[in-house]
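Compute the structure for the input listed below.
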Amino acid sequence: MSSNTPVPVGPLSNEADLFALFQAVWQQKKIVIATTLLGALLAISYALLATPEYQVSSTLRPAAINELDALNRSGVYTLPPSEALLKVGSALESYDTRLGFFKSHQALFSQFKRPGRTLEQSFEDFDRSSLYLKLPESQKAGSLGASIGLELNYPQGVDGVKILNGFVNYAIAAEREQIAADLKVIVNNRLTELKGKLDAARASYETDKDVRIATLQEADNLKRAQLQDEVKALRQQLKTGRQDRVSQLDEAIGIARALGIRKPTTPSSLGEAARPGDASVMRTEINNQQIPLYFMGVEALEAERAALQQRKTDDFTAERIAEIARELQLLQNNREVEVLKQRKNEDLFLSGVEPLRAEIVRLGGVANLDFSNLKLVSVDREAVEPLGPVKPKKALIVALGVVLGGLAGILIALLKHFVVLRRAQTSYPVPAGVLTGSLGSAKALEKDRH
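So this is what the prediction gives:
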C-alpha cells in the first residue's frame, strides 16, 4: 500500500478510550517492566547505601512534692512540681542551653561538624533537624503539665543515648543552678533589707541615746545654775543681814555708853542701881517685852561687833547653803550619762529587733541549702539503645521504588502512544472534531507510512 493512500479513520468521542490506552500500555509492557525494575533497583540501592538513622526518646514528669519540700518551706522561693517541670521544659527548649551543651560536649557531636562551618552553624543544623521537644496532644494548647517528651534523631556512629541523657541532665543541672542563683539573690536582697532595718534601729537608738544624754546634761546644767544663783542670793542676804546687825550693834553700843552700861543688865536692875540699898537683895523680873539690845552692855556689844566685822563668810550661818553645796557636788557627775556612754554592746539595748535578728539567722540557713540533691523533675524514661534504625525504612522504600518505577513506565508508554498518534494526524489530516484514538487505526497508519 502506498504511503499516500488515505486510510479511513472513524470518528472518536471526546472521552478517552481507556481500553485503547490499556492496550497501548500492554503493547509496551517491556518498557513498564524495565522502568519498574529500574525503580526497584534504585530503591534497593538507596536503602542499602543510605546511612541508617536512629531515634531515642526520654520522658520527664513532675517530681514528688517531698522532693521540693525544703525549698518551698523556706518561705523565700515557692516552686510547685508542675512549675519545676515547666522550668526544665523551658531549659530543654532554650537555644542557649542547647548551644551550651553542644559547646561543652563537642566530642559527642564530631559527626555533625562540617568543613567550612563554624561551631554555631554546625549546631544550627543539629538543633533544627535532630532534637525535638514533644508534648502530649492534650497539653500542646496549654502549659507544660503531666509530662515532657524529648526525641533525638541521629545517624549511625553517633552516641545518641549519651547525647540525649547528657542533655537532659545538663538542662536539669542548669535550671538547678539558675534556681540556686535566684534564691541567693532573693536571700541577699532580704538580708540587705533586714540589715538596713537593723541599721535604722541602731541609728534611732543612737539618736535617742544622744537625746537622753543631752537632756540629762541640760537638766543638770539648769539645776546647777539655779543652785549657784540660790547660793549667791543667800550669801548676799547673809552679808546684808550681817551689815545690818553691825549697824544695830553700833547704835546699841552708843546708847549703852550713854547709859553707862558696861555689863549686861535689865531695866529693873538699871533702875535699882540709882537707889542705895542692900546689894544682897535678889530680884526676879517677869517681863514679856523684848529687852533693848543696849542692855547687853558695851563689852558684849563690842565683842559681837568685832566678831561680825572679822567674819569672812556667812555660809555656816545658813543650813541651806550646806544643802546646796551637797547638791552641787552630786551634780558634778551624772552617773546615768556615764553608764550610757560606757555601753559596749549597744545592740543589746535595741528594741523591736528580735524578729529581724531571727529572720537574718533563718535566711542564713536558707542560703546554705544544698541544691546538689534538689530533684526538679522525675526522669520517667531515660534514653536506651534503639533496637533498630527508624530510617531508612527499606521495605517502604523498595515498595515505593517499584510503584514509582511502574508509574514512570506507564507514563513513558502513554507518551509514546500519543506521539505516534500525533505523527499520524500530521501525516493524514482528518476533519475538525474527529479524533483518531484507536490503537488499530494508529497501527494501520504507521504500517501504511512504511
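
how much space between the closest residue to Ile186 other than its chain neighbours and Lys391?
Residue nearest to Ile186 in three dimensions, not counting chain neighbours: Val76, with 5.4 Å by Cβ to Cβ, 6 or more residues apart in numbering. C-beta: built from backbone N, CA, C; applies to glycine. Noted for Val76: a distance of 49 Å to Lys391, by Cβ to Cβ, to the nearest Å.

Mind checking which of the two has more residues around it?
Comparing Val76 with Lys391 by neighbour count (other Cβ atoms under 10 Å), the higher total belongs to Val76, at 18 against 14.

so where is the stretch 301-450 of the chain shaky, pLDDT-wise?
427-450 (pLDDT under 70).

Which stretches in it count as helices?
Assigned by DSSP state H, counting those that start in this stretch, the helices in the stretch 301-450 of the chain fall at 319-330, 335-341, 354-367, 394-427, 439-449.

quick revisit: in this structure the residue nearest to Ile186 contacts Val187, no?
Yes. Val76 is in contact with Val187 according to Cβ atoms under 8 Å; the separation is 6.1 Å.

Overlap of the contact sets of those two?
Where contact means Cβ atoms under 8 Å, 6 or more residues apart in numbering, the residues bridging Val76 and Val187 through contact with each are Leu363, Val366.

Pick out the residue closest to the middle of the chain.
Centroid-nearest residue in the chain, with Cα atoms, centre = their mean: Ile186, separated by 3.2 Å.

Identify the residues contacting Gly116.
Gly116 sits next to no residue when contact means Cβ under 8 Å, 6+ apart.

With the one 5 residues further on instead?
In this structure, Gln121 makes contact with Arg114, judged by Cβ under 8 Å, 6+ apart.

and if you look at Lys209?
Listed by Cβ under 8 Å, 6+ apart, the contact set of Lys209 reads Leu340, Glu346.

What's the separation between it and Ala252?
Taking Cβ to Cβ as the criterion, Lys209 is separated from Ala252 by 63 Å.

now swap in Val402 and tell me
Relative to Ala252, Val402 is positioned 163 Å away (criterion: Cβ to Cβ).

These two: who's more crowded?
Taking Val402 and Ala252 together and counting by other Cβ under 10 Å, Ala252 has the greater number of neighbours (23 against 17).

what's the longest helix in this protein?
Among the elements of the chain assigned as helix by DSSP state H, the one spanning the most residues is helix 160-259.

Correct me if wrong: the residue nearest to the centre of the chain contacts Thr78.
No. In this structure Ile186 lies outside contact range of Thr78 using Cβ under 8 Å: 10.9 Å.

all helices of the stretch 51-200 of the chain, in order?
Per DSSP H, counting those that start in this stretch, the stretch 51-200 of the chain has helices spanning 69-72, 81-93, 95-104, 119-129, 160-259. These are given in chain order.

can you put the ones you listed in CSV and add distance to Leu421 and mean pLDDT?
Listed next are the helices of the stretch 51-200 of the chain as CSV, based on distance: least, Cβ to Cβ, whole Å; pLDDT from 0 to 100:
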stretch, distance to Leu421, mean pLDDT
helix 69-72, 82, 85
helix 81-93, 60, 89
helix 95-104, 60, 89
helix 119-129, 48, 81
helix 160-259, 57, 92
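
Between those, which one is closest to Lys29.
Taking Cβ to Cβ as the criterion, Lys29 comes closest to helix 119-129 out of the helices of the stretch 51-200 of the chain, the separation being 42.0 Å.

Turn the helices of the stretch 51-200 of the chain into TSV, including distance to Pro52.
Formatted as TSV, these follow (distance: least, Cβ to Cβ, whole Å):
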stretch	distance to Pro52
helix 69-72	44
helix 81-93	26
helix 95-104	23
helix 119-129	16
helix 160-259	12
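
Relative to Gly406, which of those helices is closest?
helix 119-129 (31.9 Å).

List the buried residues for the closest one?
Residues of helix 119-129 classed as buried under the neighbour-count rule (16 or more other Cβ atoms under 10 Å) are Ser122, Phe123, Phe126, Asp127.

The closest residue to the second one other than its chain neighbours: what's it in contact with?
Once its chain neighbours are removed from consideration, Phe123 has its nearest residue in Phe102; the separation is 4.6 Å (Cβ to Cβ, 6+ apart). Listed by Cβ under 8 Å, 6+ apart, the contact set of Phe102 reads Phe109, Leu119, Phe123, Phe126, Asp127.

out of those residues, what pair is the most spread apart?
By the measure Cβ to Cβ, those have their two most distant members at Leu119 and Asp127, which lie 12.2 Å apart.

Look at stretch 388-400 and report the distance between its end residues.
Distance between the two ends of stretch 388-400: 21 Å, counting by Cα to Cα, to the nearest Å.

residues in contact with that stretch?
When contacts are taken as Cβ under 8 Å, 6+ apart, the neighbours of stretch 388-400 outside the stretch itself are 40, 43-44, 46-48, 50, 52-55, 153, 156.

Go again with 7 Å.
Stretch 388-400 is touched from outside by Ala40, Ala43, Ile44, Tyr46, Ala47, Ala50, Pro52, Glu53, Tyr54, Gln55, with contacts defined as Cβ atoms under 7 Å, 6 or more residues apart in numbering.

Burial check on the fifth one, number of neighbours?
Pointing back at Ala47 there. By the other Cβ under 10 Å criterion, the neighbourhood of Ala47 contains 17 residues.

Correct me if wrong, but it is in a helix.
Yes. Ala47: assigned to a helix according to DSSP: H, G, I helix; E, B strand; the rest coil.

and it, how far is that from Ala201?
80 Å.

The stretch 1-150 of the chain: strands as residue ranges?
Read by DSSP state E, counting those that start in this stretch, the stretch 1-150 of the chain holds these strands, from start to end of the chain: 53-62, 131-134, 148-155.
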